[in-house]
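A.B. asks: Here you go, sequence then predicted model.
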Amino acid sequence: MDDTDWRLRGAIALVVAAGAGAFVGLNNRPQPIPVRSTSDTVVAAVPEIVVHVAGAVHMPGLVRVPADARVADAVEAAGGALPDAVLAAINLAAPLADGAQIVVPSAEAVVGGFSDGRVHINQAGADELDDLPGVGPVLAQRIVEHRDAQGGFKVPEDLLDVPGIGESKLASIRDLIAIP
C-alpha cells in the first residue's frame, strides 16, 4: 500500500469518526422541556342538561342544570316554587335527564287529584299509581323506581321498560295517565 492509500483511508476514518461524534453529540444534548402557556390549559366543562320546568314556579321554562342535578335543583333554577306550590306531590330527590319536564303542581291542581283527572306518572307517588287498573303496590313501586332511575318518562311507551308492564297493560291505562 502506498502513502496515498493510507491518507485516503485515514481521511475516510476521520470523516466517519467526526460524523459519529457529531451524531452522538447531537443526541446527548439536553432536550428542551415542553412548556405550556396558561392559554393552552383546557378547563373541563361541567356537562349540563336542559329541562323544562312548568307549573307553580316563579320562572317556568327551560333551565340549564348540571348533568347530576336533581328535581329540586331544576325547581330552584326556575326561580323557586310559588307559595301555593305543593312540593310534596313531586319527588324533589329524583335525578334528571336531558329533555325531562318537571311540573310543579299548585294547591288548586292537587285538590281532588290533578285537574284533568289523569295520573301524572312523572309526579305521582306509588300510592297514586296503585289506583290505576291492574297496577298493584309492587308494580307501582317498580314504576317509581324506574322513573327515578331514568329521569322520568317522555312518552307512555317508556312504561314498557318497567318489568311487569306489557302492551296490554299499557293499553288499559294509557287514557288514565299523563306525561306532562
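C.D. replies: Done, it's in. Numbers count the residues shown, from 1 in each chain.

A.B. asks: which stretches of the chain aren't confidently modelled?
C.D. replies: 1-45, 108-117, 180 (pLDDT under 70).

A.B. asks: Run a quick neighbour tally on Ala140.
C.D. replies: Counted with other C-beta atoms under 10 Å, the neighbours of Ala140 add up to 19. C-betas here are computed from N, CA, C, even on glycine.

A.B. asks: That one - that's part of a helix, no?
C.D. replies: Yes: when DSSP: H, G, I helix; E, B strand; the rest coil is applied, Ala140 is found to be in a helix.

A.B. asks: That one: what's it in contact with?
C.D. replies: Shown in contact with Ala140 (C-beta atoms under 8 Å, 6 or more residues apart in numbering): Ala126, Asp127, Leu129, Asp130, Leu132.

A.B. asks: roughly how far apart are the fourth one and Pro60?
C.D. replies: For Asp130, the distance to Pro60 (C-beta to C-beta, to the nearest Å) stands at 30 Å.

A.B. asks: Then the last one?
C.D. replies: Between Leu132 and Pro60 the distance, using C-beta to C-beta, works out to 28 Å.

A.B. asks: Pick out whichever of these two has more residues nearby.
C.D. replies: Neighbours per residue (other C-beta under 10 Å) separate Leu132 from Pro60, with Leu132 holding more: 20 against 17.

A.B. asks: Please name the nearest non-neighbouring residue to that one.
C.D. replies: Spatial nearest neighbour of Leu132, excluding adjacent residues (C-beta to C-beta, 6 or more residues apart in numbering): Ile173 at 4.9 Å.

A.B. asks: quick one: Val51 is in a helix?
C.D. replies: No: Val51 sits outside any helix when classified using three-state DSSP, being strand.

A.B. asks: okay, now it: neighbour count?
C.D. replies: 23.

A.B. asks: Distance of it relative to Asp130?
C.D. replies: For Val51 relative to Asp130 (C-beta to C-beta), the value is 27 Å.
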